[in-house]
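1. Structural data only, the sequence is not supplied:
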């Protein structure tokens, strides 16, 4: 089966392409570096010729509210139109758990807009929503830092290893379209403040974590389960402490 991975040079895309090739599929990594640009439409028709499945794991180059919305709306429209013209039978997209619960966050609003376009299209689809990646914990701490203080909520996160997301995405990709949304999450729900403390302690970072229920998460105030998956989510195997130990060993 020919499967085109749009964004195939990124963190998830590379792993997904490798997974699919190991399963015997013709997985094509498509990105601007290979002459395929979903934002401009360049190279899409050629890349999608003969494809049965297209997987969208693209990410916006800018997270500014208007720019990220324009990226996901334009890119998704271009992809869906090219897929319809090429007779693609399954559109798969990676999204984020909690996108529809945090409208204050411009990136999440853009992902909701992307999902709406996919659902309104005539191309059969599957959407996989994933929780926050382990690899993003340091960036979450940095965004919440002022001086030597990290001010974060005690709301729960259910973080996941990015490789586990790619594995789940491969399963969705080779399956039949569900014309719906499924979730994948890490095996543990951990308060955000505790998660950041554990990360900073392990990395010997001197910053102090302050718990503040009103602290914003990239512009949004969290409730306890804004970012956790539902009861029917697929749970990934890798625990945070196992990843953290490996992360420290590699530094």
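-> Cool, the structure landed. Here the structure is a predicted model, which is why all the values come from computation and not from measurement.

2. Residue 58 versus residue 104, what's the distance?
-> 23 Å (C-beta to C-beta, to the nearest Å). Bear in mind the C-beta positions are built from the backbone N, C-alpha and C, glycine included.

3. Which strands and helices lie in contact with the lengthiest helix in the chain?
-> Looking across the chain with DSSP state H, the single longest helix is helix 65-86. Packed against helix 65-86 by the contact rule (3 or more C-beta pairs under 8 Å, 6 or more residues apart in numbering; DSSP states H and E) you find helix 44-48, strand 53-56, strand 90-96, helix 106-120.

4. Would you mind finding the most buried of these?
-> The highest average neighbour count among the helices and strands packed on helix 65-86, using mean count of other C-beta atoms under 10 Å, belongs to strand 53-56 at a mean of 27.

5. what pLDDT, on average, does that one get?
-> Per-residue pLDDT over strand 53-56 has a mean of 98.

6. Need the contact partners of that strand.
-> Here strand 53-56 makes contact (C-beta atoms under 8 Å, 6 or more residues apart in numbering) with 1-7, 16, 38, 48, 75-76, 79, 83, 88-94, 169, 173-174.

7. Partner strands of it, with direction?
-> Paired strands of strand 53-56, with direction, are strand 2-6 (parallel), strand 90-96 (parallel) (DSSP bridges).

8. possible to save those strands as JSON lines with distance to residue 32 and mean pLDDT?
-> Below are the strands paired with strand 53-56 laid out as JSON lines (distance: least, C-beta to C-beta, whole Å; pLDDT from 0 to 100):
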{"stretch": "strand 2-6", "distance to residue 32": "10", "mean pLDDT": "98"}
{"stretch": "strand 90-96", "distance to residue 32": "18", "mean pLDDT": "98"}
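
9. Same list (the ones you listed) but as JSON lines, adding distance to residue 158.
-> Converted to JSON lines, those look like this (distance: least, C-beta to C-beta, whole Å):
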{"stretch": "strand 2-6", "distance to residue 158": "25"}
{"stretch": "strand 90-96", "distance to residue 158": "12"}
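
10. can you tell me which of those comes nearest to residue 243?
-> Among the strands paired with strand 53-56, the nearest to residue 243 by C-beta to C-beta is strand 90-96 (19.0 Å).

11. returning to that earlier point: okay, buried residues for the longest helix of the chain please.
-> Using 16 or more other C-beta atoms under 10 Å as the test for burial, helix 65-86 gives 68-72, 75-76, 78-80, 82-83, 86.
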